[in-house]
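1. sequence and predicted structure, then a few things I'm wondering about:
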Amino acid sequence: MVSRGETRCPYCGLPHPAGLHLLGALVRWLSRPEDFVRGLIWLNVIVFGLSLLLNPGGVRLSANPLRFLSPNTESLILLGASGTFPIERLGRWWSLLTAGYLHGGLLHIFFNMAALNQLAPLIARQFGIFRMFTIYTLGAAAGFYASYLAGVALTIGASAGLCALIGAAIYYGKRRGGIYGRVVFRQTSGWIVGLVLIGLLPGINNWAHGGGLLAGAVLAFLVGYSERRPESFWHVVTGGILMVATVLALGWAVAGAVMLRLS
């Protein structure tokens with residue numbers, strides 16, 4: 001046991017042993033689905049807070065609960081909203097990674113994070129954390145790309161990635177079979193009904209939902225689930241690369257937005 005405040009290990013002479021504590025914390029975070037999902041939720045909350053602080057005067061305090069605490073559109077674009085405008089006019093292809101961490105209001109992020117808290121641990125337990133993140137990230141990017149092809153000018157929200165997790169859960173339940181598989185399939189199929197009903201509301205990006213759902217099922221088939229194929233080195237590498245790419249894209253967007261505001 002070495003204190004965090006030690007500048008050198010008194011036993012082996014290793015400099016800055018506190019770095020090992022940070023490494024251990026990272027390993028533990030990447031091995032516990034609940035902790036990992038909690039980190040994803042906090043990341044979404046932090047980015048939502050930044051979108052409000054970036055232009056406080058533009059935040060809408062509408063009486064409509066769906067638009068309460070809505071960030072300014074310009075702030076959303078600066079922080080990585082996707083769609084035909086950011087991609088074609090600004091060349092922001094990386095927005096396919098960042099748009100899923102932006103939200104258009106308090107209820108928007110609340111319901112999305114509640115769904116993420118239910119769906120992500122299920123997929124992480126059956127597929128592994130790295131494969132879950134791969135499905136979530138690439139499924140969201142596929143959904144946003146589908147909406148881009150459909151001509152949607154601006155799109156945000158975690159729902160594209162959530163739909164990818166739903167698609168993965170439906171594939172898993174159907175493919176696994178048995179009592180547990182049927183329960184998973186039946187419960188996640190109920191989410192499809194909810195998506196159809198939500199899709200009737202104005203302003204809902206059904207292209208992103210449909211694209212994410214289909215991509216999630218396909219990705220689940222390609223990467224496999226743990227009972228049939230243990231999480232491999234390449235699954236870890238792919239998921240790790242996507243984690244780093246997501247953090248870098250969000251960091252780039254936040255840094256650029258803050259610098260623009262300060263200037």
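-> That came through fine. If you're wondering where the values come from, they're calculated on a predicted model, not measured in any experiment.
2. low-confidence ranges in the stretch 1-150 of the chain?
-> 1-31, 58, 60-66 (pLDDT under 70).
3. where exactly do the helices run in it?
-> Using DSSP state H, counting those that start in this stretch, the helices of the stretch 1-150 of the chain run over residues 18-29, 33-53, 73-78, 84, 95-98, 106-127, 129-149.
4. domain parsing for the chain?
-> 1-30, 33-262 (automatic domain parsing).
5. what's the most buried one of the ones you listed?
-> domain 33-262 (a mean of 19; mean count of other CB atoms under 10 Å). Every residue, glycine included, has its C-beta placed from N, CA and C.
6. check the offset of it from the chain's centre.
-> 4 Å (CA atoms, centre = their mean, to the nearest Å).
7. so how far is the first residue of it from its last?
-> Domain 33-262 has an end-to-end distance of 38 Å (criterion: CA to CA, to the nearest Å).
8. can you check stretch 228-235 too?
-> 14 Å.
9. please enumerate residues in contact with that stretch?
-> With CB atoms under 8 Å, 6 or more residues apart in numbering as the test, stretch 228-235 has contacts from 127-128, 130-131, 134, 223.
10. go with 10 Å
-> 127-134, 172, 175-176, 223-225, 238-239 (CB atoms under 10 Å, 6 or more residues apart in numbering).
11. before we move on, what about stretch 82-91?
-> 76-78, 80, 92-100, 102, 140-141, 143-145, 147-157, 160, 205, 208.
12. do the same with stretch 169-188
-> Residues contacting stretch 169-188 (CB under 10 Å, 6+ apart): 118-119, 122-123, 126-127, 135, 165-168, 189, 191-192, 213, 216-221, 224-228.
13. for stretch 236-251, same thing?
-> By CB under 10 Å, 6+ apart, stretch 236-251 touches 30, 36, 40, 43, 46-47, 50, 79-80, 92-102, 128-138, 140-141, 223, 231-232.
14. ok, now stretch 256-263?
-> Contacts for stretch 256-263 (CB under 10 Å, 6+ apart): 50-51, 53-55, 74-80.
15. out of the residues you listed, who's nearest residue 106?
-> Checking the contacts of stretch 256-263 against residue 106 by CB to CB gives residue 51 as the nearest, at 11.6 Å.
16. any idea how far residue 217 is from the closest one?
-> 31 Å (CB to CB, to the nearest Å).
17. for residue 254, same thing?
-> 32 Å.
18. residue 239 now?
-> Taking CB to CB, one finds residue 239 at 18 Å from residue 217.
19. and what of residue 241?
-> 22 Å.
20. and what of residue 259?
-> Residue 259 is 40 Å from residue 217, by CB to CB.
21. residue 182 too?
-> 17 Å.
22. check residue 226 too.
-> With CB to CB as the criterion, residue 226 and residue 217 are 17 Å apart.
23. so who does the closest residue to residue 164 other than its chain neighbours touch?
-> Sequence neighbours aside, residue 139 is the residue nearest to residue 164 in space, at 2.2 Å (criterion: CB to CB, 6 or more residues apart in numbering). Each residue near residue 139 by CB under 10 Å, 6+ apart is listed here: 100, 160-168, 211-220.
24. one more: residue 109?
-> Here residue 109 is in contact with 41, 44-45, 47-49, 51, 69, 101-103, 116, 157-158 (CB under 10 Å, 6+ apart).
25. can you tell me which helix in the chain is longest?
-> Looking across the chain with DSSP state H, the single longest helix is helix 233-262.
26. tell me the mean pLDDT over it?
-> Helix 233-262 shows a mean pLDDT of 94.
27. got the angle for it vs helix 106-127?
-> 160 degrees (axes from the mean of the first three to the mean of the last three CA atoms, to 10 degrees).
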